[in-house]
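**Student:** Predicted coordinates and the sequence they were generated for:
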Amino acid sequence: MNRKNQHSPDPANLPAHPGKRARLWRLLYGHGPGNGSLMVLPLDQGLEHGPTDFFPHPPALDPQYQFELALAGRYSAIALGIGLAEKYFAPYAGRLPLILKLNGKTNIPDDAEATSPALASVEDAVRLGADAVGYTIYVGSPRQDEELRNFRQVRQDCERYGMPLVLWSYPRGRAVDAKGGKNSLYAQDYAARVALELGADIVKLHEPEADAGGSPAPYAGLGEDAAARTGRVVRSAGLTRVLFSGGTKNDDDDAVLGKIAFYMQSGATGVMFGRNMWLREFDRAVALSRAAHEILAKYPR
Amino acid sequence: MNRKNQHSPDPANLPAHPGKRARLWRLLYGHGPGNGSLMVLPLDQGLEHGPTDFFPHPPALDPQYQFELALAGRYSAIALGIGLAEKYFAPYAGRLPLILKLNGKTNIPDDAEATSPALASVEDAVRLGADAVGYTIYVGSPRQDEELRNFRQVRQDCERYGMPLVLWSYPRGRAVDAKGGKNSLYAQDYAARVALELGADIVKLHEPEADAGGSPAPYAGLGEDAAARTGRVVRSAGLTRVLFSGGTKNDDDDAVLGKIAFYMQSGATGVMFGRNMWLREFDRAVALSRAAHEILAKYPR
Amino acid sequence: MNRKNQHSPDPANLPAHPGKRARLWRLLYGHGPGNGSLMVLPLDQGLEHGPTDFFPHPPALDPQYQFELALAGRYSAIALGIGLAEKYFAPYAGRLPLILKLNGKTNIPDDAEATSPALASVEDAVRLGADAVGYTIYVGSPRQDEELRNFRQVRQDCERYGMPLVLWSYPRGRAVDAKGGKNSLYAQDYAARVALELGADIVKLHEPEADAGGSPAPYAGLGEDAAARTGRVVRSAGLTRVLFSGGTKNDDDDAVLGKIAFYMQSGATGVMFGRNMWLREFDRAVALSRAAHEILAKYPR
Amino acid sequence: MNRKNQHSPDPANLPAHPGKRARLWRLLYGHGPGNGSLMVLPLDQGLEHGPTDFFPHPPALDPQYQFELALAGRYSAIALGIGLAEKYFAPYAGRLPLILKLNGKTNIPDDAEATSPALASVEDAVRLGADAVGYTIYVGSPRQDEELRNFRQVRQDCERYGMPLVLWSYPRGRAVDAKGGKNSLYAQDYAARVALELGADIVKLHEPEADAGGSPAPYAGLGEDAAARTGRVVRSAGLTRVLFSGGTKNDDDDAVLGKIAFYMQSGATGVMFGRNMWLREFDRAVALSRAAHEILAKYPR
Amino acid sequence: MNRKNQHSPDPANLPAHPGKRARLWRLLYGHGPGNGSLMVLPLDQGLEHGPTDFFPHPPALDPQYQFELALAGRYSAIALGIGLAEKYFAPYAGRLPLILKLNGKTNIPDDAEATSPALASVEDAVRLGADAVGYTIYVGSPRQDEELRNFRQVRQDCERYGMPLVLWSYPRGRAVDAKGGKNSLYAQDYAARVALELGADIVKLHEPEADAGGSPAPYAGLGEDAAARTGRVVRSAGLTRVLFSGGTKNDDDDAVLGKIAFYMQSGATGVMFGRNMWLREFDRAVALSRAAHEILAKYPR
């Protein structure tokens, strides 16, 4: 395990609040790659998409599968909601950091007016010994006022308890669709800045795509390539650390690793890949996780 | 009475919280079959459907009928709302566990935007000596954000007081209808996972039906038989115990018992049959309940 | 005054909560008929319908008229809202029980989405020395979730302070209209059960009418006569005591008394007649009230 | 100054609450006409209508103008909102009672679903040394439930602090328009009763107009003259004191004084004329105010 | 540095509340021009408009750019939101006053029903050592009741903590559009008065434009020139100090300075120019800021 950075992390990169500092230190230097980069295993798909997501690899339906993988693959943390945390986390507590995802919803109604209600509180995260909370904002939703108002309470509670805040900054809703869609550079770039403006410590974004029509100026005619686009959203997030999402499953291990390398080169702090990890056979998933480690080891932050 | 398990229940199956543990122990081992399975008698139909449901057997209009049946039939618990609990429960307190159903609504408006408001609190349940609370979530309703937000408070109160939480996880609303209906495997499977993700101790589900058109992939073409479907939703619920609902009345006692056996073989923890029990003559209902006991006795959990 | 029951009321009919017991005792045995039946004079029409209701008998516009009538006619209680209670009740306090009606609205907008906001609290009732609170629920309204949620707080406050709760259980809203209207047996029967399920001590209902089209099965083809219908809703209310409303004014005194006798024969605990009392000349109204007393005296509860 | 009544006000006309009594005494007997009648100068038009209202007499744009007029014209009180009170009231405190208007809105959106949010609290009024609070209810608005619910809190705070409550009882919204408009006798008569039912100490109304079509029965065919109409609404307000509004500016001083005399003859407690006072040259406005005093002096209340 | 006024500011211009007085003194006399005028550098565009606004001058994407400019250009304060304040303000604390902008939103959905949710609280501002808070009200929005209700809490917290309140008083929403648009004299004049009526200490407005059609009378035919219009809105704001916004970028430095001189001649207390400052090369932006200082120095307030 690469722990040489453990003894000399740059304290300038960590906030002054002692509680937040202690928890971020554990995520960045105490677990996972241990060099300030982050490799997080998410498991909120069962609620967000339904059991559908587990069909390609049925053992992944049992949450213990992801916990075992997170441990064996030496992830920086596992990210999941209150129900799973309360029933499955106890045996792993201390050995594996927890990012408690506070809000969520089903995808049964469409996302035209998407909003994600809180299912747990920062106090729940403190009680469970979590090292961070996760929270989704549907950037640009017609109900953004509710989204942002609810977020405020979470941010203030995080401030009070010294809890790092990981923002799932997701463009969503009919106005986003009308302006080029949720994965466009316009949408992801705005989402990155929103995370910074709202006070997130870490933001989870999707790789920005070229304009497929509908993006507002100056994005519409920008014509940047993937590297320029991805670097741009990382810069827009400023001092908020960026994690990129893995998205739907890709069976090609090399392609998955290529994505990780690309994101790290673009300035990301790390990745949050779920289905691309836990929809594989256990041994292969562990091997892929370790290969990912080798990439992240090259990018101390 | 089968009480041999009372002296050696597997404590690993019970949560660490002492209050929750004590109450769950009473439900699982102290009453009813006493082997970790559950047989619950529900009486929320008067509010949910109106007095209509009592027409086939008028004595059942008087709530005392169900209390007497629950006692004579040795049910694990009776499940009903605050009004009935406050007026009828006292003479049975101690002899019969109470699951206080906290929310409810009439079925006068349609269910396109279904939501179920809380009519009582976890504190009411504590005050009445209940051993669990019941709560309905309309999974997939356009108003899911309210549903989930309200549920959060209930879950947190349950955590505080050590009160087991039984979730009526009911797919409902226009988006559910558009995706194959409330009883489809898609809908019930999602509902099972939602119960787990939200932190329910026990979930009440309906038997999942084959796709009658409209189910999203991969459910649409799955073609599983009833046993596969029912086993699937039990697995999707993970460590959340599953009870199956009885639904509308079936006059054939053997068919009712056959359903119970089928659910138990599929991995359920028990059943919550109401109209199929209390819409029978008292003696016949008691006899049917005892026959159900014999089935549950074969499935220690 | 018939007070022989005062010294031996059946305590089994009263709740265990000492505050609620004391107040219910005053209503049932300490005032009015004094035999467990109830004769309540309501005055919420000025808010609910506007001054229109007082046009047939202008002296009734002055609330003192109703207070004097309630006293002279030996009513069990007067039922009115916070504004009238604060300005007119003081001289009658102690001599005349007060049911403080907590919520209300104007009828200027239509009732398609009827909801009744709280104008006062249970604490106000305690402060004013009221012996019960009144609260309206629009059963079946599209906004039933708000209605029920608000009611929950009132019920819990009543529990805390030992305040009896009289529910105006009124079917209302476009779904009720579509299912046969607010006064159908279907609607009134459901409203009676809702009152029981919600935990009302006393419910105010309207006499159920035969199906005029639109009632759901099995009510549509039931064909019961008035006595059967009225008895049915009283039974559906279970241990919740039933008062019947007087509705619009009937100039025929005998017809009014006939209605009262009919309701009592049907199992009601009493009546809440307003316009049929206070829209008469004072002396005639007192005489009619006394004649009503003689009827109620025959029905000790 | 007419202060002979100061030494013998009828205490029966004042509420028992000592704080409310002290403040009402100051308004009714300690300032203004001093005989139990009221002459209030309102300045909420800048918020409710915009600076438009000051165009006919630009000096009135400076709030100091109204404060000086209220002092020189010996008004019972000045009525305005929190922003003006905090910036302009201090030099007049003690010499001029303040009615702090708690809620308000712009007239930029139309009034079909009018609602008036609170901009200040009863605590603000206490802190500023106000002798009453003002509050607007849009009677009959489709959002009446919010209006009434918000009002409840204000009334309860007034009760707690002993603060008199002046209700701007204004019919408004699409249902009011459909039933004959906001100034019809139907609407104003209902508004008067609502003020009484809600617990206002003083109500501000507009002079009721004859039915111009659309009024419900029995108002539609009533055919009462102005005196009968105005007397009617005063009676409908019961023990709630009535102030009439001045409305848009009338350049004819005699007509303005004629209105005041007419309202007092009809039973009003006083007037709240704004634009008809402060849209005049200062000296002329003071003279008109003094002439109004002479009229009110004839109507001790 | 012009600090001669520091020793003799007119205390009559400052509020009595000691905390508010101390903070306003720092803004008006302790920093910036130091003569009672204000020069504020805003940075809320990243949230309000997205990263788009930084495209013309990419270095401005890094918030440190604006902090350095505010310091080098001797601004009275920098105005920005919680996320930027928490991550970038610490090194400047004490040397540069902070106006913490409490609310904000994205411009992804349109503004027909604009509302701006609070992202931080007055307590956050106190904790960060801010000398004022900023808050946006969308004057005339269909959701004005929410806007105003939320503002009330902020104003009351400011009162409690002695925190000056800077109001972004922005006409917005479909009713504003229908009445001539957000920058018309009608809209800006109303917005100025709203700021005064709501209790703002300082208001940020836009330069009012001549009626382009749609303004209500008397604005429609007013025909005032720019100086008359601008002076008018300053007078409508009364004792609330007025800052004018810079709006979109103008490359002509002289034109920018001309605007500043014009606003000061019109009675403004100062300016809040963002893009016209920080979308320039650093040295040129500093030079422009210093030239602005020379203008403001001529207008002691």
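**Tutor:** Right, received. Where do you want to start? Residues are numbered from 1 along each chain as shown, chains lettered A, B, ... in the order given.
**Student:** for whichever residue of chain A sits closest to chain C, what are its contacts?
**Tutor:** Closest to chain C within chain A is A:Pro117: 15.3 Å, counting by Cβ to the nearest Cβ. All C-beta spots, glycine's among them, are computed from the backbone N, C-alpha and C. A:Pro117 makes contact with A:Asn103, A:Gly104, A:Lys105, A:Asn150, B:Gln144, B:Asp145, B:Glu146, B:Leu148, B:Arg149, B:Arg152, according to Cβ atoms under 8 Å, 6 or more residues apart in numbering or on different chains.
**Student:** Just the residues you listed: which are in helices?
**Tutor:** The members of the contacts of A:Pro117 that map onto helices under DSSP state H are A:Asn150, B:Gln144, B:Asp145, B:Glu146, B:Leu148, B:Arg149, B:Arg152.
**Student:** which one of those residues is nearest A:Pro42?
**Tutor:** Using Cβ to Cβ, B:Leu148 comes nearest to A:Pro42 of the ones in helices among the contacts of A:Pro117, at 19.1 Å.
**Student:** Return the residues in contact with the residue nearest in space to the middle of chain A.
**Tutor:** Centroid check for chain A by Cα atoms, centre = their mean gives A:Lys204 as the closest residue, at 3.8 Å. For A:Lys204, the contacting residues are A:Gly134, A:Val166, A:Leu167, A:Trp168, A:Ser169, A:Leu243, A:Phe244, A:Ser245, A:Met272, by Cβ under 8 Å, 6+ apart.
**Student:** do that again at 6 Å, thanks
**Tutor:** Contacts for A:Lys204 (Cβ atoms under 6 Å, 6 or more residues apart in numbering or on different chains) come out as A:Trp168, A:Leu243, A:Ser245, A:Met272.
**Student:** now do A:Arg174
**Tutor:** A:Arg174 neighbours (Cβ under 6 Å, 6+ apart): A:Ala112.
**Student:** now swap in the one 5 residues further on and tell me
**Tutor:** Under the criterion of Cβ under 6 Å, 6+ apart, the contact partners of A:Lys179 comprise A:Gly214, A:Pro216.
**Student:** Show the pLDDT at it.
**Tutor:** A:Lys179 carries a pLDDT value of 98.
**Student:** From C:Ile295, how far out is it?
**Tutor:** A:Lys179 sits 73 Å away from C:Ile295, going by Cβ to Cβ, to the nearest Å.
**Student:** Buried residues, stretch A:180-189. List them.
**Tutor:** Neighbour-count burial for stretch A:180-189, counted by 16 or more other Cβ atoms under 10 Å in any protein chain shown, picks out A:Gly180, A:Gly181, A:Lys182, A:Asn183, A:Ser184, A:Leu185, A:Tyr186, A:Ala187, A:Gln188, A:Asp189.
**Student:** Same question for stretch A:284-301.
**Tutor:** For stretch A:284-301, burial by neighbour count (16+ other Cβ under 10 Å) applies to A:Ala285, A:Val286, A:Leu288, A:Ser289, A:Ala292, A:His293, A:Ile295, A:Leu296, A:Tyr299, A:Pro300, A:Arg301.
**Student:** Relative to chain B, which of these is nearest.
**Tutor:** A:Ala285 (19.7 Å).
**Student:** mind listing what the residue of chain A found nearest chain B touches?
**Tutor:** With Cβ to the nearest Cβ, the shortest gap between chain A and chain B falls at A:Ile108, namely 3.1 Å. Contacts for A:Ile108 (Cβ under 6 Å, 6+ apart) come out as B:Gly140, B:Ala175.
**Student:** excluding its backbone neighbours, what's nearest whatever residue of the stretch 1-150 of chain A ends up closest to chain E?
**Tutor:** With Cβ to the nearest Cβ, the shortest gap between the stretch 1-150 of chain A and chain E falls at A:Gly140, namely 3.1 Å. Distances taken as Cβ to Cβ, 6 or more residues apart in numbering or on different chains place E:Ile108 nearest to A:Gly140, at 3.1 Å, with adjacent residues excluded.
**Student:** does the one you found count as helix, strand or coil?
**Tutor:** coil (DSSP: H, G, I helix; E, B strand; the rest coil).
**Student:** Against A:Val176, how distant is it?
**Tutor:** 6 Å.
**Student:** quick one on the thing from earlier: just the closest of the contacts of A:Pro117 to B:Gly94, please.
**Tutor:** Nearest member of those to B:Gly94, counting by Cβ to Cβ, is B:Arg152, at 31.7 Å.
**Student:** Show the pLDDT at the closest one.
**Tutor:** So B:Arg152 comes in at 98 (pLDDT).
**Student:** hmm, back to that, with the contacts of A:Pro117 in mind, which one is nearest to chain D?
**Tutor:** Closest to chain D, out of all of the contacts of A:Pro117 and judged by Cβ to the nearest Cβ, is B:Glu146, at 17.3 Å.
**Student:** All set, thanks.
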